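1. Need coordinates for the following:
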Amino acid sequence: MQASPSENLKDVALKILQSGVAIVPIIHLEDGLFPQLLHLASLAGILKCICRIGESSSRPFAMLRLTASLSSALDMLVEAHVSSIPIVDDNDSLVDVYCRSDIMALAKGRAYTHNLNEMTVHQALQLGLDSNPPYGTRSQRCQMCLRTDTLLKVMEQLANPGVRRLVIVEAGSNRVEGITSLTDIFRFLLG
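-> Just a heads-up that it's a prediction; the model follows:
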């Protein structure tokens, strides 16, 4: 029983589970040379690797303040290829979320007839709340989770109708640490 360095973590984990062994050697085979032992893979090691995948990435995390211009929010959504941006206070604590659906609400209310450089994110969010009162509550807009929440808890929250993303916050301070979405969860599960 062995695995090659080109196999993905899911396949190596399945080999361990199906064979009932605790460790599978990762062997590099080159034509005409002796096999080289690169690593010993275990379920605990694979889990540790999976946990590290979600840690900080090289690209900076997109956040905006309430005082930012609406045009900067729109630019950030497009440039970062994201569907939402956390809106934070001076301590980087979550205040609200600006999402692509907010753009549609503003377009519906003809708010784009204003100068986008003069309108702040706060003003845009207020216009959106005024045009859509039943769904405008903060608790429905800003679904949150903690870094320490289990995958099951996160999936249960994302299974609720209308919830497409969770803002990951620090316990107590609500400082924004990241965002996870339905797409992220499915990419992780289907790997």
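2. Please make it C-alpha for all contacts and neighbour counts, starting now.
-> Noted.
3. For this protein, which element, helix or strand, carries the lowest mean pLDDT?
-> Within the chain, judged by mean pLDDT, DSSP states H and E, the helix or strand with the poorest mean is helix 138-141; its value is a mean of 56.
4. And the following helix or strand past that one, what does it pack against?
-> Where DSSP states H and E defines the elements, the next helix or strand beyond helix 138-141 is strand 144-146. For strand 144-146, the elements it packs on are strand 165-169, judged by 3 or more Cα pairs under 8 Å, 6 or more residues apart in numbering; DSSP states H and E.
5. how much does the following helix or strand past the strand it packs on deviate in direction from strand 165-169?
-> With elements assigned by DSSP H and E, the helix or strand that comes after strand 165-169 is strand 176-181. Taking axes from the mean of the first three to the mean of the last three Cα atoms, to 10 degrees, strand 176-181 and strand 165-169 form an angle of 160 degrees between their directions.
6. Tell me which strands strand 176-181 pairs with, and in which orientation.
-> In its sheet, strand 176-181 lies beside strand 165-169 (antiparallel), with partners assigned from DSSP bridges.
7. sec struct for Thr67, please.
-> Secondary structure state of Thr67, per DSSP: H, G, I helix; E, B strand; the rest coil, is coil.
8. State the distance from it to Thr120.
-> From Thr67 over to Thr120 the distance is 5 Å, taken as Cα to Cα, to the nearest Å.
9. same thing with Leu189?
-> Leu189 sits 38 Å away from Thr120, going by Cα to Cα.
10. Next: Leu29.
-> Using Cα to Cα, which is the criterion applied here, Leu29 is 59 Å from Thr120.
11. more neighbours, the two?
-> Relative neighbour count places Thr120 above the other of Leu29 and Thr120, with 19 against 13, counting by other Cα atoms under 10 Å.
12. Find the nearest non-adjacent residue to that one, please.
-> What sits nearest to Thr120 in space, not counting adjacent residues and going by Cα to Cα, 6 or more residues apart in numbering, is Ser69, at 4.3 Å.
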